[in-house]
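Starting from these lines, generate the structure:
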Amino acid sequence: MQNSENLSKKTQSDGSEISTHEFLAFTLGNEEYGIDILKVQEIRGYEAVTRIANAPDFLKGVINLRGIIVPIVDMRIKFNLGTPTYDQLTVVIILNIGVRVVGMVVDSVSDVMTLLPAQVRPAPEMNTTFNNDFLIGLGTLEERMLILVDIEKLMSSPEMGLLDHAD
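Okay, the predicted model is just below:
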């Protein structure tokens, strides 16, 4: 699992192949984000979680998913995007990160976008609360712009505390 990019090949009319990347698009506040579709196990409606004492605010708690205890991260809290609200559109994206299953709460999921390498621009350098180390870049398709997140890098970072680090 060295390559975290989701590459698929599309054949052009002249028979040559183009590499494409597929991203699951989701919203947090007014922004659209994208993560590698291959990291997604399933999408579920938001349900009550079991809170863990002394856990960081962004770690909402855990759920029991078919016998697997899954930590649930609220991305709105993690990215400092205001007070979260939970409604019928709120979903949990269940991810496979390495050998771990992790859930992340987002406002809604829209679709899967297929992007060509030319449609992915590098992320601009900014002084923000969001750590640019976790950004792949900005994906553009017609009038839409997706903030592309390396979800494996983010969820496995030491600050998240979700995975064991044997360094």
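
which neighbours does the host helix or strand of residue 33 have in its sheet, and in what orientation?
For residue 33, the element it lies in under DSSP states H and E is strand 31-36. Strand 31-36 pairs in its sheet with strand 17-28 (antiparallel), strand 144-149 (parallel), by DSSP bridges.

what's it in contact with?
With contact meaning CB atoms under 8 Å, 6 or more residues apart in numbering, strand 31-36 is reached by 4-6, 21-27, 93, 95, 106, 110, 113, 139, 144-152. Every residue, glycine included, has its C-beta placed from N, CA and C.

Just the buried residues of stretch 55-73, please?
Buried residues in stretch 55-73, counted by 16 or more other CB atoms under 10 Å: 58, 59, 60, 61, 62, 63, 65, 70, 71, 72, 73.

what's that stretch in contact with?
47, 49-52, 74-75, 77-78, 92, 94, 101-105, 155, 160-162.

lowest-pLDDT helix or strand in the protein?
The least trusted helix or strand in the chain, going by mean pLDDT, DSSP states H and E, turns out to be strand 8-11, with a mean of 48.

Give the bridge partners for residue 121, please.
Taking DSSP bridges as the rule, residue 121 bridges to residue 138.

what about it, distance to residue 48?
39 Å (CB to CB, to the nearest Å).

Please identify which of those two sits among more neighbours.
residue 121 (12 against 9; other CB atoms under 10 Å).

Compare the strands paired with strand 31-36 and give me the one nearest residue 37.
Closest of these to residue 37 is strand 17-28, at 4.4 Å (criterion: CB to CB).

In the closest one, which residues are buried?
So, applying 16+ other CB under 10 Å, buried residues of strand 17-28: 20, 21, 22, 23, 24, 25, 26, 28.

Which two of those have the greatest separation?
20 and 28 (24.4 Å).

So which residues of the protein form strands?
With strands called from DSSP state E, the chain shows them at 8-11, 17-28, 31-36, 40-45, 59-65, 68-74, 91-97, 100-106, 108-115, 120-121, 135-141, 144-149.

Now do the last one and strand 108-115, the angle between them.
In this case it means strand 144-149. Going by axes from the mean of the first three to the mean of the last three CA atoms, to 10 degrees, strand 144-149 is angled at 90 degrees with respect to strand 108-115.

now strand 144-149 and strand 135-141, what's the angle there?
Counting by the same axes, to 10 degrees, strand 144-149 lies at 160 degrees to strand 135-141.

Please read off the pLDDT at residue 69 from the model.
pLDDT recorded at residue 69 is 95.

hey, what's it bridged with?
Per DSSP bridges, residues listed as beta-bridge partners of residue 69: residue 64.
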